[in-house]
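[1] what follows is a protein structure lacking sequence information:
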């Protein structure tokens, strides 16, 4: 299952669950929950191959109906069963920043309207379309975004 198919499937076929893809993760929220508050009940790395790598927070399951939870789990299993290379049609990029004092590579992330820096292993991944949107929303940063864009290698 492709990531965009998963998002559409959850957001169109459930009434109490919403899914959001942000960089290297897919988060699942119950009704009234918000991404900026980290209120997800499931947080799935886009390269997840087993359930052990998925974060589960039962405290955020309030008001999620059983049918929607079952549908979510079934769709996540289909994602896990899909080879990582087949999960995304679009080439993915990260915004490479400087190396830190320890020599680790850092990347810029744009999360819920705020810029943040993180280790390359936790860097958001963007499609070309998402980068174009960032450049449109931040025209002064457009040249820097182009300069920092680095393809994500599997």
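    In hand now; what should we look at? Nothing here was measured: the structure is a model prediction, and the numbers come from that model. Residues are numbered from 1 along each chain as shown.

[2] the residue nearest to residue 100 when sequence neighbours are not counted: how many residues sit nearby?
    Counting by Cβ to Cβ, 6 or more residues apart in numbering, residue 100 lies nearest to residue 106, which is 5.7 Å off, once chain neighbours are set aside. Just so you know, the C-beta spots here come from the backbone N, C-alpha and C atoms, and that holds for glycine as well. Neighbour count of residue 106, defined by other Cβ atoms under 10 Å: 17.

[3] for residue 106, what are its contacts?
    Counting by Cβ atoms under 8 Å, 6 or more residues apart in numbering, residue 106 touches 96, 97, 98, 99, 100, 117, 118, 119, 120.

[4] can I have the buried ones of these as a PyMOL selection?
    Buried members of the contacts of residue 106, defined by 16 or more other Cβ atoms under 10 Å, are picked up in PyMOL with:
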select buried, resi 96+97+118
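
[5] next step: the contacts of residue 106 restricted to helices.
    With DSSP state H as the criterion, helices contain none of the contacts of residue 106.

[6] specify which member of the contacts of residue 106 is nearest to residue 47.
    Lowest distance from residue 47 to the contacts of residue 106 (Cβ to Cβ) belongs to residue 120, with 13.9 Å.

[7] just confirm that closest one contacts residue 105, I think it does.
    Yes. Residue 120 is within contact range of residue 105, at 4.2 Å (criterion: Cβ atoms under 8 Å).

[8] which residues do these two both contact?
    Shared contacts of residue 120 and residue 105 (Cβ under 8 Å, 6+ apart): residue 96.

[9] list the helices and strands the helix or strand residue 21 falls within packs on?
    Using DSSP states H and E, residue 21 maps to strand 18-22. Counting contacts by 3 or more Cβ pairs under 8 Å, 6 or more residues apart in numbering; DSSP states H and E, strand 18-22 is packed against helix 3-13, strand 25-29.

[10] just those: most buried one?
    Among those, the stretch with the highest mean neighbour count (mean count of other Cβ atoms under 10 Å) is strand 25-29, at a mean of 23.

[11] got the angle between it and strand 18-22?
    Per axes from the mean of the first three to the mean of the last three Cα atoms, to 10 degrees, the angle that strand 25-29 makes with strand 18-22 is 160 degrees.

[12] what average pLDDT does the helix or strand just after strand 25-29 get?
    Using DSSP H and E, the next helix or strand after strand 25-29 towards the C-terminus is strand 40-45. Average pLDDT, strand 40-45: 94.

[13] show me how far strand 40-45 is from its chain's centre.
    Distance, stretch centre to chain centre, for strand 40-45: 9 Å (Cα atoms, centre = their mean, to the nearest Å).
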